[in-house]
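>>> just the structure for this:
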Amino acid sequence: MLSLFLASFVTFFVAIDPVAMAPMFTTMTARMGKEWRDQMAWRSVAYATFILLAFAFGGAWLLEQIHVSIDAFRIAGGLLLFLIAVDMLFEKRTERREERAEKIAAEQAKHPEHRDDISVFPLAIPLIAGPGAIASIMLFFAQNDGAMERAVILAGAGANLALCLFAFLLAGPISKLMGPQVGSMLTRVFGILLAAMAAQFVVDGITNAFNLGAPH
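As a prediction, this is how the structure comes out:
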């Protein structure tokens with residue numbers, strides 16, 4: 001169970017990337033008061049939690065409706081996570097997220113009298129519950145159908161959602177304390193781990209789809 005929790009935690013840590021959340025949240029909420037920032041933090045994490053739970057428990061049903069096998073989804077999901085890992089290694093995803101945060105901050109600067117609700121978009125979707133996180137929770141639930149196993153997976157995801165909330169509520173101090181170098185280092189290290197786990201998802205999908213592991 002410990003290995004499953006660690007695999008779940010690391011996968012969601014990389015897919016969600018709570019380390020990068022603090023500076024982006026600071027940029028997007030620079031012109032907001034503390035009370036409004038806190039509301040955005042709590043709402044966004046609550047919405048993201050609901051979205052991930054919906055795909056966790058409804059993902060298998062959705063795949064059935066669109067006639068996609070779980071092995072095909074393992075392969076596609078693994079490839080998606082691998083691309084995310086490559087982006088993390090070269091910090092492309094961080095750059096795109098920062099650009100999105102700067103655009104939102106610029107829009108708010110043009111209309112300072114309006115307080116935009118950013119809790120659903122872009123915080124909950126796609127920054128927290130993005131394609132990587134959604135694919136991850138569907139893959140984990142597809143491979144583990146026991147109640148205890150799924151509880152462990154949800155614990156790994158929940159720990160990362162809690163880290164996101166922590167990063168949002170203490171965005172200013174965390175951004176100053178951590179610095180860009182630490183964030184860059186952690187992003188690359190976990191990117192390598194995600195690439196390895198993504199490759200395993202693809203291997204498992206191909207093995208099961210073509211019965212390569214069956215005895216001859």
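
>>> who touches Thr11 in this structure?
Thr11 makes contact with 81, 136, 140, 156, 194, 197 under the criterion CB atoms under 8 Å, 6 or more residues apart in numbering. C-beta: built from backbone N, CA, C; applies to glycine.

>>> got the buried residues for the helix or strand hosting it?
Per DSSP states H and E, Thr11 falls inside helix 2-16. Buried residues in helix 2-16, counted by 16 or more other CB atoms under 10 Å: 4-5, 7-16.

>>> ok, now stretch 191-209?
191, 193-195, 197-198, 201-202, 204-205, 208.

>>> which residues sit against the one helix or strand in the chain whose mean pLDDT sits lowest?
In the chain, the helix or strand scored least confidently by mean pLDDT, DSSP states H and E is helix 92-110, which has a mean of 73. Helix 92-110 is contacted from outside by 17, 20, 23-25, 27-28, 30-32, 84, 87-88, 114, 116, 118, 122, 127, 183-184, 187, using CB under 8 Å, 6+ apart.

>>> one more pass at 6 Å, please.
Contact with helix 92-110 is made by 20, 24, 27-28, 30-31, 87, 122, as judged by CB atoms under 6 Å, 6 or more residues apart in numbering.

>>> would you reformat these as a markdown table and include pLDDT and neighbour count?
Shown next, in a markdown table, are those (pLDDT from 0 to 100; neighbours: other CB atoms under 10 Å):
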| residue | pLDDT | neighbour count |
| --- | --- | --- |
| Ala20 | 79 | 23 |
| Met24 | 81 | 25 |
| Thr27 | 82 | 19 |
| Met28 | 83 | 25 |
| Ala30 | 78 | 14 |
| Arg31 | 77 | 14 |
| Asp87 | 81 | 17 |
| Pro122 | 86 | 19 |
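
>>> farthest pair in the residues you listed?
Spatially, the most separated pair among the contacts of helix 92-110 is Arg31 and Asp87, at 29.2 Å (CB to CB).

>>> sorry, back to before: so how far is the least confident helix or strand of the chain from its chain's centroid?
Taking CA atoms, centre = their mean, to the nearest Å, one finds the center of helix 92-110 at 18 Å from the center of the full chain.

>>> try stretch 58-67
For stretch 58-67, the distance to the chain centre is 21 Å (CA atoms, centre = their mean).

>>> what residues of that stretch count as buried?
59-60, 63.

>>> in helices, which of those fall?
Residues from these lying in helices, with DSSP state H as the criterion: 59-60, 63.

>>> list of residues touching stretch 173-193?
For stretch 173-193, the surrounding residues in contact (CB under 6 Å, 6+ apart) are 10, 13-14, 19, 22-23, 26, 85, 88-89, 167.
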